[in-house]
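Asks: Attaching a predicted model along with its sequence, questions to come.
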Amino acid sequence: MKTKVVGLLFCFWFVATGWSKAGVVSPNSVSLLSGTTSAASPYLAGTVVNDQLIPFSIQDSLGNTLVEGKLQERVTRSTATGQLVYAPRIRNLSAPNGEAWVMGLTYTGFDGTMTNIDYRIDGLGQVGPNSVSRSANGDRLHFRHDPNLIVPPDEQKFLSIYTDSEYFAPAGEITIYAQNDFGANVFSTTLHRVAAPAFAGDANLDGRFDSADLVQVFAAGEFEDGILKNSTWYEGDWNDDLEFDTADLVAAFRAGNYSDGAAAVAAVPEPSAANLLWACGLTAILMLRRPAK
Ligand SMILES: [Ca+2]
Ligand SMILES: [Ca+2]
Ligand SMILES: [Ca+2]
């Protein structure tokens, strides 16, 4: 871990911008982070529902690799509330061509979501971010490792973004920033299709649940298809059991997010008409059904 004088400038920036302690981070605000535990914040305790390793490398303008490693893309579901905690971290970090370090990451996909943010000091990793800032529209979270640079072989501690979301989809992006000389250029790489909050039904991730989504999932032809664990978010699995079945449709309609109109239906091209008719019929049945909890 390194410190540098620029940290002092950052302090002045904080004073000028306005900041708060870790907790709920509203759009257009900055919070200092000092780490938390599941003992201190019991709502963070839960079960892991998504855990993948995504390799990455960051090159300079000449193509030389500054750093490489893996992003651990983790999501847990709070036992206490059932809501999701997004908890990525950078691990297996190395600098194959001399000293270099990671200085932060940006995580998108949180527009419209409540976020209570810190990092975990009761898990793996050596370095936590100093602060998080949230964009004015609420979508982008920037975790700043300054002065707490992540210098290989150190690893990042788990970030902890507790949200009010119940469903996640490959709707986010994470950009990782690296440097190999103080004051020099910053280089980055962006990882796509990272887990982020979504609402059940929005199969095409355009922010709406409408007939276009139903057409897409029924066109995929995996509704109760008898083939084990073969469906993605795009194919109708919204409750993360890798199947597209009635439970997914119930989840989607129960949330009350369905919005549609003749215009959307008219815009749907062939050859989906048969699927659309069936989807509409099923939709009507499910809306009437509204099963008890
Ligand atoms: Ca949609
Ligand atoms: Ca299946
Ligand atoms: Ca499912």
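Replies: Great, that's in hand. Numbers count the residues shown, from 1 in each chain. Ligands and ions are numbered 1, 2, ... in the order given.

Asks: show me where pLDDT drops low in the stretch 1-150 of the chain?
Replies: Along the stretch 1-150 of the chain, the model assigns pLDDT under 70 to residues 1-22.

Asks: make it 50
Replies: Scanning the stretch 1-150 of the chain for pLDDT under 50 picks out 1-18.

Asks: just the strands in the chain please.
Replies: Ranges of strands in the chain, per DSSP state E, are 23-24, 29-32, 46-59, 65-78, 84-86, 89-94, 101-108, 115-119, 131-134, 140-144, 159-163, 167-179, 187-198.

Asks: quick one: contacts for residue 54?
Replies: 70-71, 73, 191, 194 (C-beta atoms under 8 Å, 6 or more residues apart in numbering). Yep, even glycine has a C-beta here, placed from its N, CA and C like the rest.

Asks: repeat that with 10 Å
Replies: 69-73, 88, 174, 191-194 (C-beta atoms under 10 Å, 6 or more residues apart in numbering).

Asks: How is this protein partitioned into domains?
Replies: 6-198, 211-289 (automatic domain parsing).

Asks: Neighbours of the closest residue to residue 242 other than its chain neighbours, how many?
Replies: Using C-beta to C-beta, 6 or more residues apart in numbering and skipping the chain neighbours, the partner closest in space to residue 242 is residue 229 (3.7 Å). For residue 229, the tally of surrounding residues (other C-beta atoms under 10 Å) stands at 8.

Asks: Enumerate the residues of the chain near ligand 3.
Replies: 237, 239, 241, 243, 248 (C-beta under 5 Å from the ion).

Asks: Is it correct that residue 145 is in contact with residue 93?
Replies: No: between residue 145 and residue 93 there is no contact under C-beta atoms under 10 Å: 11.8 Å.

Asks: What number of residues are in the vicinity of the residue in the stretch 51-200 of the chain positioned nearest to ligand 2?
Replies: The minimum distance from the stretch 51-200 of the chain to ligand 2, using C-beta to the ion, falls at residue 200 (17.1 Å). By the measure other C-beta under 10 Å, the count of residues near residue 200 is 25.

Asks: Now do stretch 150-170: distance from first to last residue.
Replies: Terminal residues of stretch 150-170 lie 26 Å apart, using C-alpha to C-alpha, to the nearest Å.

Asks: right, is that stretch up against ligand 1?
Replies: No: residues of stretch 150-170 are not located near ligand 1 by C-beta under 5 Å from the ion, the shortest gap being 10.5 Å.

Asks: What are the buried residues along that stretch?
Replies: 150-152, 154-163, 165-170 (16 or more other C-beta atoms under 10 Å).

Asks: Stretch 117-125 now?
Replies: For stretch 117-125, by 16+ other C-beta under 10 Å, it's 117-120, 125.

Asks: In CSV: those, plus distance to residue 65.
Replies: What follows is those, written out as CSV (distance: C-beta to C-beta, whole Å):
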residue, distance to residue 65
117, 30
118, 31
119, 26
120, 29
125, 22
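
Asks: Model confidence score at the residue nearest to residue 242, please.
Replies: On the pLDDT scale, residue 229 is placed at 97.

Asks: So what does it have for phi and psi?
Replies: phi 50, psi 60 (degrees, to the nearest 10).

Asks: Give me the number of neighbouring residues for residue 84.
Replies: Residue 84, neighbours per other C-beta under 10 Å, totals 25.

Asks: Run through the bridge partners of it.
Replies: residue 77 (DSSP bridges).

Asks: Am I right that it is in contact with residue 44?
Replies: No: between residue 84 and residue 44 there is no contact under C-beta under 10 Å: 11.1 Å.

Asks: list residues touching both of the two?
Replies: Common neighbours of residue 84 and residue 44 (C-beta under 10 Å, 6+ apart) are 76, 78, 162.

Asks: and the first one, what does it touch?
Replies: So that's residue 76. Counted by C-beta under 10 Å, 6+ apart, residue 76 has contacts 38, 44-51, 83-87, 158, 160, 162.
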